[in-house]
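Enquirer: All I have is the shape, not the residue letters:
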Ligand code: HEC
Ligand code: HEC
Ligand code: HEC
Ligand code: HEC
């Protein structure tokens, strides 16, 4: 929409668009959707690396024509598909990252850069230099088997090379998957960077953070907002003025027909079981999955009270949001999802929609035969924060919330 409104639009993504749990099927659909958005450039985040080396290199190919020193050229306002990938999965015009390298010990690609570090978008009077970087901190908790095949150069070293101005008038934009606190340090260390578009920490910046002359912007996660930065530059590539907004992606916005089709394809594949269900052990594996109706047989009063709580209707909201095929939502809005005998789909396991008894009362099958001996384990705050985490329940307060669920 913005592309139709104004000229010289560049669209970027700064990583973590793939799921936070390894789910290659879902990742394929997301990459199709990314491609349909036609980003000019993206940088990758830690989540893109989760599915391992071959998935990564298949979907984020190294394009021969982009290998240094020939910088990729982005034509302002015109999205170009990489020529050697007409039908592939390449999610953007170019992937930029200046500090990920193959290992020195890799006998074939010994120490080579994985991606080009920068790209140039030219205007009549100046150039926009776009760079990409990831902070090593973003991968701190990654298991070695996932990151054993590449190395990350310290960002200071990499950025010193990337931001050297080859010609006079350049406006420098950094796509950074590093988190807000590292982005601040970058802005302090490299004042020549004009704009940092951050990622990783999912920080919701209502206004750009300004350090020296550098503007830092970032949008929170899950595609809830698109950040729009309108810049007016002088002929010398100096910033004259800017306007920034976080545009909320509300359900009222018109749907993109391409992306709607991709979602429908995914839903269809999920529904017809073409997609294996990822195992998300939200509900502890060692306990039994049973529907609320099973518990009701002996606990009618608690059942009636539970019916009055939002847990008994937690499925409705994801139906409304058209998310019933999204494992990332099912894991907390249904019963036993990811468990061998847990929720599968509405047709097969209609009794396991919503958050039922066992999600709070971890129970063994023996309880029903010997209720006085085998009892569900006592509830604690940990029982709740499994679902009521910072992200999905920011106002959660155990003492207050518990009062609303007691039977
Ligand atoms: C066949 C009847 C029966 C069924 C079915 C049953 N329970 Fe119970 N449950 C009991 C009885 C009886 C007690 C009381 C035990 C006692 O106080 O010694 C009990 C106690 C409990 C308690 C309190 C435990 C405690 O420490 O005091 C919880 C929680 C509970 N049941 C949850 C469940 C859940 C969840 C289900 C469904 C998976 C369920 N029950 C199914 C009979 C049943
Ligand atoms: C880690 C568990 C978890 C996951 C994953 C999760 N939710 Fe939730 N969701 C919750 C909890 C807990 C609440 C209740 C928050 C509160 O009121 O404090 C909630 C509330 C909501 C609400 C607000 C309900 C209302 O009436 O205000 C919506 C909408 C929602 N979730 C949609 C989703 C969608 C869509 C997804 C998948 C993209 C999702 N959730 C994934 C746990 C989760
Ligand atoms: C959101 C969490 C939650 C859900 C869902 C839930 N309970 Fe409870 N239940 C509690 C809490 C909290 C207690 C208080 C006892 C404790 O702290 O263990 C409790 C207590 C109980 C007890 C012990 C007697 C009593 O009333 O205090 C039984 C029996 C019980 N629940 C059955 C059920 C049944 C049956 C369902 C499903 C229809 C259910 N619960 C759903 C949180 C929950
Ligand atoms: C399996 C995931 C899950 C677990 C475990 C869970 N909840 Fe929830 N809870 C939800 C979801 C999802 C919602 C939102 C439902 C909706 O609004 O549609 C919710 C909503 C609530 C609400 C209503 C909040 C509001 O804004 O009105 C309260 C209160 C609550 N939960 C308390 C608890 C407590 C206390 C525990 C632990 C004893 C607990 N929940 C355990 C998933 C869970």
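Expert: Great, that's in hand. What you are looking at is a predicted structure, and each value in this text was computed from that prediction instead of being measured. Numbers count the residues shown, from 1 in each chain. Ligands and ions are numbered 1, 2, ... in the order given.

Enquirer: average pLDDT for the helix or strand where residue 241 lies?
Expert: Secondary structure assignment for residue 241, by DSSP states H and E: strand 239-248. Throughout strand 239-248, pLDDT has a mean value of 94.

Enquirer: Skip ahead from that strand and say which helix or strand is next.
Expert: Past strand 239-248, the next helix or strand by DSSP H and E is helix 257-271.

Enquirer: Can you get me a residue count around the residue nearest to residue 324 when sequence neighbours are not counted?
Expert: Nearest residue to residue 324, sequence neighbours excluded (Cβ to Cβ, 6 or more residues apart in numbering): residue 318, at 5.6 Å. For the C-beta atoms, the positions are set from N, CA and C on the backbone; glycine is no exception. For residue 318, the neighbour count with other Cβ atoms under 10 Å is 18.

Enquirer: just residue 126 next, same as before
Expert: Around residue 126 there are 19 residues (other Cβ under 10 Å).

Enquirer: Could you do residue 148 as well?
Expert: Residues near residue 148, counting by other Cβ under 10 Å: 12.

Enquirer: Next one: it from residue 134, what distance?
Expert: 16 Å (Cβ to Cβ, to the nearest Å).

Enquirer: swap in residue 374?
Expert: 50 Å.

Enquirer: Can you give the strand pairings for the strand holding residue 241, parallel or anti for each?
Expert: strand 225-233 (antiparallel) (DSSP bridges).

Enquirer: if you average pLDDT over the partner strand, what comes out?
Expert: Here the average pLDDT along strand 225-233 is 95.

Enquirer: List the buried residues in that strand.
Expert: Within strand 225-233, the residues that count as buried by 16 or more other Cβ atoms under 10 Å are 225, 227, 229, 231, 233.

Enquirer: give me every residue that touches the last one.
Expert: If you count contacts by Cβ atoms under 8 Å, 6 or more residues apart in numbering, residue 233 has them with 126, 171, 239-240.

Enquirer: And for the first one?
Expert: Shown in contact with residue 225 (Cβ under 8 Å, 6+ apart): 204, 219, 246-249.

Enquirer: Same question for the third one.
Expert: Residues in contact with residue 229, defined by Cβ under 8 Å, 6+ apart, are 195, 208, 215, 217, 242-244.

Enquirer: So what would you say the end-to-end distance of stretch 98-114 is?
Expert: One end of stretch 98-114 to the other measures 8 Å (Cα to Cα, to the nearest Å).

Enquirer: wait, stretch 5-15
Expert: 26 Å.

Enquirer: which residues are in contact with it?
Expert: Applying Cβ under 8 Å, 6+ apart, the contact partners of stretch 5-15 are 2-3, 34, 37-48, 74, 76-77, 79, 92, 121, 123, 128, 130, 134, 173, 175-177, 197-200, 218, 230.

Enquirer: That one - what's its average pLDDT?
Expert: Mean predicted lDDT for stretch 5-15 stands at 90.

Enquirer: Residue 374 and residue 134: who's more crowded?
Expert: Higher neighbour count among residue 374 and residue 134: residue 134, with 31 against 13, using other Cβ under 10 Å.

Enquirer: Need the three-state assignment for residue 30.
Expert: helix (DSSP: H, G, I helix; E, B strand; the rest coil).

Enquirer: Kindly supply the ChimeraX command isolating those of the contacts of stretch 5-15 that are buried.
Expert: Entered in ChimeraX, the line below selects the buried ones among the contacts of stretch 5-15, by 16+ other Cβ under 10 Å:
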select :34,37,39,40,41,42,43,44,45,46,47,48,74,79,92,121,128,130,134,173,175,176,177,197,198,199,200,218
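
Enquirer: quick one, domains of this structure?
Expert: 2-248, 279-405 (automatic domain parsing).

Enquirer: Tell me how many other residues crowd residue 357.
Expert: Quick note: residue 357 (other Cβ under 10 Å) scores 22 neighbours.

Enquirer: who touches it in this structure?
Expert: Each residue near residue 357 by Cβ under 8 Å, 6+ apart is listed here: 290, 292, 295, 299, 302-303, 306, 363.

Enquirer: What's opposite the closest residue to residue 73 other than its chain neighbours in the beta bridge?
Expert: In this structure, residue 73 finds its nearest non-sequential neighbour in residue 120, 5.7 Å apart by Cβ to Cβ, 6+ apart. Applying DSSP bridges to residue 120 gives these bridge partners: residue 73, residue 129.

Enquirer: follow-up on the earlier one: secondary structure element holding the residue nearest to residue 324?
Expert: Counting by DSSP H and E, residue 318 is part of helix 314-320.

Enquirer: ok, that helix near ligand 4 or not?
Expert: Yes - with Cβ under 6 Å from any ligand atom as the criterion, ligand 4 is reached by helix 314-320 at 314, 317.

Enquirer: hmm, who's touching whichever helix or strand comes after that helix?
Expert: Scanning forward in sequence from helix 314-320 by DSSP H and E, the next helix or strand is helix 327-333. The contact list for helix 327-333 (Cβ under 8 Å, 6+ apart) reads 19-21, 23, 26, 277-278, 280, 282, 314-315, 317-318, 321, 323-324, 337-338, 343, 354-355, 387, 392.

Enquirer: so which residue of the stretch 301-407 of the chain comes closest to ligand 1?
Expert: Nearest residue of the stretch 301-407 of the chain to ligand 1: residue 371, at 3.3 Å (Cβ to the nearest ligand atom).

Enquirer: does that residue sit in a helix, a strand or a coil?
Expert: coil.

Enquirer: What parts of this structure come near ligand 2?
Expert: So the chain meets ligand 2 at 317-318, 321, 323, 326, 328-329, 331-333, 387-389, 392-393, 395-396 (Cβ under 6 Å from any ligand atom).

Enquirer: Give me the buried subset of the residues you listed.
Expert: 318, 323, 326, 329, 331-333, 387-388.

Enquirer: okay if I get these as CSV plus pLDDT?
Expert: Output for these, formatted as CSV (pLDDT from 0 to 100):
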residue, pLDDT
318, 91
323, 83
326, 79
329, 87
331, 87
332, 92
333, 95
387, 91
388, 93
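
Enquirer: Alright, I will stop here.
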